[in-house]
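Novice: can't give you the sequence, but here's the structure:
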């Protein structure tokens, strides 16, 4: 029952699009044995645009692969052990990176930096060597810093293509739609909110004024929902009481973005969603990575949309976002340098 429901959720927006265009897409998950990696691998196994699934981790990936491979969808699943990273990457078109340590109570995303930065850098170096033309989806936190780490590592190897690198900020979008739907009694599919900026705390800027449902939210209700969108991850960390962070919702968000990218790569037109990419929108302020609505296509990033009109409250949120985001980006670049 779960697999059919999840499959419908992942394919509802793409039923009219033939999967034949994306029939030969091999997807790798680096960190497949972890709290995000396992459910993410499950959801990707259900995606009709995935023909082969390559699961890698320093421990546990062959077991996850054996388990997931029994699911009755068409894709082939292979698991790889710690010393088989190169084999896991061979022939991949899309690589999703959830590898790293999760947040615990009291930790910020920046607290994860030293450990996760090294992991992401080393994985990026392997990608540059083995699969330099793959599209890379970074989930490992802090995304505001890990995406620049991947970019700098690829650039050092001479293979960086900004059209093929994405920070997955979809969980912010998913939360915004869900939370707005709750307070307006709307279906989350209708209460979609564009979320711009980055992927941590005050760098997350929900554009409620651009939503027919969100523009009616004002005063204390507005402040509460903005805070919840920005710090929703803290709710999960606290509720799990030391046992982890937002793994299931993040896996769903990662699979949702991967599905959007795969549809774009397969030729579907009009696939637009927020994602953290190398962007010209705020380069004049020294910020060269930013999340905004991006059109996805056969080359990856096809078009970066401007943020559009903002309310006075959103202007303040953006003003608070940019200095923190700039520091996060520079921290990532400095790590590689």
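Specialist: Received the coordinates, thanks. As the structure is a computational prediction, the values presented were derived from the model and not from experiment.

Novice: nearest spatial neighbour of residue 328, chain-adjacent residues omitted?
Specialist: residue 144 (3.5 Å; CB to CB, 6 or more residues apart in numbering). (Each C-beta comes from the backbone N, C-alpha and C, glycine too.)

Novice: sorry, wrong one. I was asking about residue 205.
Specialist: Using CB to CB, 6+ apart, the nearest residue to residue 205 is residue 197, at 4.1 Å.

Novice: hey, where'd the strands end up in the stretch 51-200 of the chain?
Specialist: 52-56, 76-80, 94-97, 135-138, 165-167, 195-197 (DSSP state E, counting those that start in this stretch).

Novice: now these in TSV, please, with extra columns for distance to residue 285, mean pLDDT and mean neighbour count.
Specialist: What follows is those, written out as TSV (distance: least, CB to CB, whole Å; pLDDT from 0 to 100; neighbours: other CB atoms under 10 Å):
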stretch	distance to residue 285	mean pLDDT	mean neighbour count
strand 52-56	37	98	26
strand 76-80	42	98	20
strand 94-97	28	98	27
strand 135-138	23	98	26
strand 165-167	18	99	29
strand 195-197	13	98	29
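
Novice: of those, which is nearest residue 293?
Specialist: Checking these against residue 293 by CB to CB gives strand 195-197 as the closest, at 8.0 Å.

Novice: which strands and helices lie in contact with the closest one?
Specialist: helix 170-184, strand 204-206, strand 289-297, helix 312-336 (3 or more CB pairs under 8 Å, 6 or more residues apart in numbering; DSSP states H and E).

Novice: residue 299: what's it in contact with?
Specialist: residue 163 (CB atoms under 8 Å, 6 or more residues apart in numbering).

Novice: quick one, grab the pLDDT at it.
Specialist: Per-residue confidence (pLDDT) for residue 299: 97.

Novice: again with residue 276
Specialist: 99.

Novice: ok, now the one 4 residues further on?
Specialist: Residue 280 is assigned a predicted lDDT (pLDDT) of 98.

Novice: host element of it?
Specialist: Per DSSP states H and E, residue 280 falls between elements, in no helix or strand.

Novice: how many other residues sit next to it?
Specialist: A count of nearby residues for residue 280, using other CB atoms under 10 Å, gives 10.

Novice: likewise residue 189?
Specialist: Residue 189 has 10 nearby residues by other CB under 10 Å.

Novice: what's the distance between stretch 273-287 and the middle of its chain?
Specialist: Counting by CA atoms, centre = their mean, to the nearest Å, stretch 273-287 is centred 16 Å from the centre of its parent chain.

Novice: what's the span of it, first residue to last?
Specialist: Terminal residues of stretch 273-287 are spaced 20 Å apart (CA to CA, to the nearest Å).

Novice: follow-up on the earlier one: surely the residue nearest to residue 328 is in contact with residue 333?
Specialist: No - with contact defined as CB atoms under 8 Å, residue 144 and residue 333 do not form a contacting pair (11.3 Å).

Novice: of the two, which one has the most company?
Specialist: Comparing residue 144 with residue 333 by other CB under 10 Å, the one with more neighbours is residue 144, at 31 against 17.

Novice: coming back round to it: as a markdown table, the strands of the stretch 51-200 of the chain with distance to residue 244 would be great.
Specialist: Below are the strands of the stretch 51-200 of the chain laid out as a markdown table (distance: least, CB to CB, whole Å):
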| stretch | distance to residue 244 |
| --- | --- |
| strand 52-56 | 20 |
| strand 76-80 | 22 |
| strand 94-97 | 18 |
| strand 135-138 | 20 |
| strand 165-167 | 21 |
| strand 195-197 | 23 |
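
Novice: quick one: what helix or strand has the residue lying closest to residue 255 once chain neighbours are set aside in it?
Specialist: The spatially closest residue to residue 255, leaving aside those adjacent along the chain, is residue 43, at 3.6 Å (CB to CB, 6+ apart). Here residue 43 sits within helix 37-45, counting by DSSP H and E.

Novice: while we're on the nearest residue to residue 60 once chain neighbours are set aside, how confident is the model there?
Specialist: Leaving out its chain neighbours, the residue that sits closest to residue 60 by CB to CB, 6+ apart is residue 33, at 3.0 Å. pLDDT recorded at residue 33 is 97.
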